[in-house]
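[1] Dropping a prediction and its sequence here:
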Amino acid sequence: MGRIIKIALLGVASWLVPFLFAFLFYSPQGELGIDIFLFKSIMIVTGSATGAALLVFYFRQVQENYLNEGIAVGLAWLATNLILDLLILLPMSGMETGTYFAQIGLRYLVIPVMSIAIGYILSRKK
């Protein structure tokens, strides 16, 4: 599998896993079944754990240019998550764009933070 395709597919997975997991907390009528703050905390942990696992999977195959790979993967997955949210989550939720970025979108910055940190550490070990 090519590098760009792998980055793209894993980026979609980094969005899709938490998105699908979130449905467990909603009724068929679309009502949240738990406290909103508990839900947000669960989603942050789920998204972070998913991202970390996918980064470990991705970096197992990287043999060089670790920092550059961390930057590339982090920015690609950040863009993927934001675009998918804007195309799917925003219309589903009816949330305004500004509210979305303040409550959800800003949290996606953890993706490049983690990927760049992994790339940096790996580049220092070699």
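    Sure, I can see it.
[2] Surely A22 is within a helix?
    Yes: under DSSP: H, G, I helix; E, B strand; the rest coil, A22 falls within a helix.
[3] How about the contacts made by it?
    Contacts for A22 were tallied using CB atoms under 8 Å, 6 or more residues apart in numbering; they are F39, M43. For the C-beta atoms, the positions are set from N, CA and C on the backbone; glycine is no exception.
[4] my read: L10 touches W77, true?
    Yes: with contact defined as CB atoms under 8 Å, L10 and W77 form a contacting pair (7.3 Å).
[5] so for stretch 101-118, what's the average pLDDT?
    Mean pLDDT, computed over stretch 101-118, is 95.
[6] how long is it end to end?
    End-to-end distance of stretch 101-118: 25 Å, with CA to CA, to the nearest Å as the criterion.
[7] Would you mind listing the outside residues contacting the helix or strand containing Y120?
    Using DSSP states H and E, the element containing Y120 is helix 110-125. When contacts are defined by CB under 8 Å, 6+ apart, helix 110-125 is touched by residues 14, 47-48, 51-52, 55, 59, 62, 66-71, 73-75, 77-78, 81.
[8] go again using 7 Å as the cut-off
    48, 51-52, 55, 59, 66-67, 69-71, 73-75, 77-78, 81 (CB atoms under 7 Å, 6 or more residues apart in numbering).
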